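In: sharing a model that was predicted from the sequence below.
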Amino acid sequence: MSIKSIELKNFTVFNDLKLNFTKGINIFVGENGTGKTQLLKAIYADLKISKSRDIDDISRYFKCVNENNKFFV
């Protein structure tokens, strides 16, 4: 299995983020507080939801709960 892209809206520090990954290893580099760990949490949460199908596990990470939130991996 490989992750091809991720799209997040209103998720922790990300207002609107779209990333496309390349084959192989992708590295996240940035200053403290820019969202590197939050990006990994989003990927982890998706893998966990895919296994358990429990959307409540991820809802706590959104800034607010509304129809504008997006979470696609």
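Out: Thanks, I have it.
In: which residues in this structure form helices?
Out: Under the criterion DSSP state H, the chain carries helices at the ranges 36-52, 56-59.
In: least reliable of these by average pLDDT, please.
Out: For these, mean pLDDT drops lowest on helix 56-59, to a mean of 58.
In: low-confidence stretches in this structure?
Out: Applying pLDDT under 70 to the chain picks out residues 1, 49-73.
In: rerun that using 90 as the cut-off
Out: For the chain, applying pLDDT under 90 flags the ranges 1-4, 6-15, 24-25, 40-73.
In: strands along that one, start to end?
Out: 5-11, 14-20, 70-72 (DSSP state E).
In: which one of those strands lies closest to residue 26?
Out: With Cβ to Cβ as the criterion, residue 26 lies closest to strand 14-20 of those, at 8.6 Å. For glycine as for every other residue, the C-beta is placed from the backbone atoms N, C-alpha and C.
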